[in-house]
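> Predicted model and sequence below, questions to follow.
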Amino acid sequence: MTALITRDELRAAIDAGAVTVVDALGGAYWEKQHLPGAVPLVEADVVQRAAELLPDRTAAIAVYCSNPACGNSQAVAAALHRLGYTDVRKYREGIEDWVAAGLATETGPVGERPAVRRLDGVAVPTAGTWRIDPGHAEVAFIGRHFMITKVRGRFTGVDGAVVIAEDPNRSAVQVTIDMASVESGDTTRDDHLRSADLFDVEKYPTATFTSTEVRWRGSEGAVTGDLTIHGVTRSVTLAAAFSGHVRDPWGKDRAVFSATTTVNREDFGLTWNMVLDSGSLLVSREIALEIEVETVLEG
C-alpha cells in the first residue's frame, strides 16, 4: 500500500515547496477546484504524461482524490510506483477535507500545463519561452564616486526572453537594453552617461547579452554569455537564480529571475575618468551589475 500523508503534513510541504501535488480526479474536477499548484494526472494518462509533468522520479509527490473512499489516488500512486517514482504518498483524506478546513484552493482550465516543475527536489520553471515584462524589469549598476561613495543607476528599457529547456543546462537567455533609458537620480549625470564620453547612445543605442552556456542546479546557476556594450563584446558570467512563480489576476504565469556580476567598464571602451589630486580616480573601473526581471510564459 502507498504511504499516507496527513493534511497538516501536506500543508507544510506545500508551503515549503517540498512536494509536487498530483490531482487524481483531473478533468472538470481539477478545473473547478484543486490544491495549490496541483498537477492534473489521471490513471489513464500516467504512462504518457508522467515524464512531462513529473520529470524528477526522486522528488516527493503527494496524490489526492476527493475523499478516503475514492480509489483514484491509490490507482495513480500505484502507477507512479510502477514507473519508478520513489517517494509517492497519498493524501489520506482528500480535497473535501482540505476545503472543509478552510484551506486555499486554485482553479484553472483543463489541459493547462503547470508553470513550475520539480527537479532535484526544487521547484523550477516549466520548459518554454518566458518573455521579459519590460514594465517589471531592471538592470541596475553600482559604481563608486571618488572611489568611496556608491552611485546607483538603472536601465528601465529592458527586453528579451529566457528560454527554459527540459534540461535546464540547455536553456538560453537573450536580453536587449535601451542605453538611453539610463536613470541615476541626477539629470546632469544621466546626460553625461548618454554622451560620447561614456555610453554614446547615438552611436551605440543598445547593449545586448546572449548566453553561450548555462550551468544550473536547483534554483540557482551560472549563465555565461556575450555582453556587448559600446560596440565591444566580452564574455561574462552571471550568478543567476529563479526567485519564484506567481499567477497574475489575468491568468498569466510569471516567473522572476535575478542575476549579478561585476565588470570592468574599461574592457568595453568606457574609459572616461578624472584623476584626483590624491592620485585616485573620480569614477571606479569596477561596476557591479544587479538584474531582476519578471517574465511571462508564452503560449
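Sure, I can see it.

> same for the lowest-mean-pLDDT helix or strand in the chain, what does it pack against?
Lowest mean confidence among the helices and strands of the chain (mean pLDDT, DSSP states H and E): strand 116-119, at a mean of 74. When contacts are defined as 3 or more CB pairs under 8 Å, 6 or more residues apart in numbering; DSSP states H and E, strand 116-119 packs onto strand 122-125. Where you see a C-beta, it was placed from the backbone N, CA and C, and this is true even at glycine.

> Buried residues in stretch 187-196, which are they?
Of all the residues in stretch 187-196, those buried under the rule 16 or more other CB atoms under 10 Å are 190, 193-194.

> Likewise for stretch 5-15?
5, 7, 10-11, 13-14.

> Okay, strands next: where are they in the stretch 51-200 of the chain?
Secondary structure of the stretch 51-200 of the chain (DSSP state E, counting those that start in this stretch): strands at 61-64, 88-91, 116-119, 122-125, 128-145, 149-155, 158-164, 172-178, 182-183.

> Please identify the deepest-packed of those strands.
Highest mean neighbour count among those (mean count of other CB atoms under 10 Å): strand 61-64, with a mean of 27.

> so how far is that strand from its chain's centroid?
With CA atoms, centre = their mean, to the nearest Å as the basis, strand 61-64 stands 24 Å off its chain's centre.

> and it, C-alpha only, in CSV?
Only the C-alpha atoms of strand 61-64 are listed here, as CSV (Å, rounded to 0.1, in the frame of the first residue of the first chain):
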residue,chain,number,x,y,z
ILE,A,61,4.9,13.5,-4.6
ALA,A,62,1.5,13.7,-2.9
VAL,A,63,-1.5,12.3,-4.8
TYR,A,64,-5.0,13.1,-3.7
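
> Need the contact partners of that strand.
By CB atoms under 8 Å, 6 or more residues apart in numbering, the residues outside strand 61-64 that reach it are 2, 5, 10, 13, 19-24, 35, 38, 54, 73, 76-77, 80, 85, 87-91, 94-95, 98.

> do stretch 187-196 as well
Under CB under 8 Å, 6+ apart, the answer for stretch 187-196 is 151, 153, 179-180, 182-184, 198-203.

> So which of those residues is the closest to V122?
Proximity of the contacts of stretch 187-196 to V122 was ranked by CB to CB; the top entry is G153 with 33.2 Å.

> pretty sure that closest one contacts E183?
Yes: the pair G153 / E183 is scored as a contact, 6.3 Å apart, by CB atoms under 8 Å.

> Skipping adjacent residues, who's closest to V42 in space?
Take V42 and drop its neighbours on the chain: the residue closest to it by CB to CB, 6 or more residues apart in numbering is G26, 4.0 Å away.

> can you put the strands of the stretch 51-200 of the chain in CSV and add distance to E220?
Putting the strands of the stretch 51-200 of the chain into CSV (distance: least, CB to CB, whole Å) gives the following:
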stretch, distance to E220
strand 61-64, 23
strand 88-91, 27
strand 116-119, 12
strand 122-125, 9
strand 128-145, 17
strand 149-155, 23
strand 158-164, 14
strand 172-178, 14
strand 182-183, 28
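
> hey, least reliable of these by pLDDT?
Mean pLDDT values for the strands of the stretch 51-200 of the chain show the minimum at strand 116-119, a mean of 74.

> what's the distance between that one and the middle of its chain?
On CA atoms, centre = their mean, the centre of strand 116-119 falls 11 Å from that of its chain.

> partner strands of it, parallel or antiparallel?
strand 122-125 (antiparallel) (DSSP bridges).

> pull the CA atoms of the strand it pairs with into PDB?
What follows is strand 122-125 as a C-alpha-only set of coordinates in PDB (Å, rounded to 0.1, in the frame of the first residue of the first chain):
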ATOM      1  CA  VAL A 122      13.500  22.000  -6.200                       C
ATOM      2  CA  ALA A 123      10.700  24.000  -8.000                       C
ATOM      3  CA  VAL A 124      11.900  25.400 -11.300                       C
ATOM      4  CA  PRO A 125      10.000  26.900 -14.300                       C
END
